[in-house]
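*Asks:* I would like to see how this sequence folds:
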Amino acid sequence: MQDDEAGPSLSLGLFRLSGLFACVVIVIYIFWEMFSQSAALIRLSMTAKKFPYAERCDASGNPITTGEPNCVDLGRYQVVYGPVIKVFRRACSGSDGAPETLILDKASRIEISLVEKSLSFRARNGVSVHCIPPNLSPERSN
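*Replies:* This next block holds a predicted model:
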């Protein structure tokens, strides 16, 4: 696309500028999809939908005997799958604290990703991730 003129034409400059703008938009979209909370929620929802549940729980996470299998114990988290996915954060054994509901809309992206990775790990390996209390290094938790 070389012209006979000494400098680039206005149309060539606009073409280059639009190419640069398109590249910037694509890079921003990729980063948004990788690091946003909504993308983490979508990944968690997709993983939870594909998971083969074996336990039955009510909406509060209490075991029941009837109904479809819909919950899984992941060690630090318990996931109850239904029209609304509920995640309960539990204290590790030996720690104080009652289970608390993790409100996914208000949870951090990192914690949502931890739940999603724990669910994926359980689906692949058939075992839960060991419960490590927060703010402890692995050396201190043993």
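*Asks:* contacts and neighbour counts: CA atoms only from here.
*Replies:* Fine.
*Asks:* which strand or helix spans residue 104?
*Replies:* Per DSSP states H and E, residue 104 falls between elements, in no helix or strand.
*Asks:* what about residue 60, how many neighbours?
*Replies:* 11 (other C-alpha atoms under 10 Å).
*Asks:* can you tell me the SS state at it?
*Replies:* When classified by DSSP: H, G, I helix; E, B strand; the rest coil, residue 60 comes out as coil.
*Asks:* quick one, phi/psi of it?
*Replies:* Geometry field for residue 60 lists phi and psi as phi -90, psi 0, criterion degrees, to the nearest 10.
*Asks:* could you point out which element follows the longest helix seen in the chain?
*Replies:* Longest helix of the chain, by residue count under DSSP state H: helix 10-35. Later in the chain than helix 10-35, the nearest helix or strand by DSSP H and E is helix 37-50.
*Asks:* what helices or strands is that next one leaning on?
*Replies:* helix 10-35, helix 109-125 (3 or more C-alpha pairs under 8 Å, 6 or more residues apart in numbering; DSSP states H and E).
*Asks:* so what's the model's average confidence on the first one?
*Replies:* When pLDDT is averaged over helix 10-35, the result is 91.
*Asks:* check the helices and strands packed on helix 37-50 for me and report the most buried one.
*Replies:* helix 109-125 (a mean of 17; mean count of other C-alpha atoms under 10 Å).
*Asks:* what angle do helix 37-50 and that helix make with each other?
*Replies:* 20 degrees (axes from the mean of the first three to the mean of the last three C-alpha atoms, to 10 degrees).
*Asks:* which one, of the helices and strands packed on helix 37-50, ends up nearest to residue 46?
*Replies:* With C-alpha to C-alpha as the criterion, residue 46 lies closest to helix 109-125 of the helices and strands packed on helix 37-50, at 9.2 Å.
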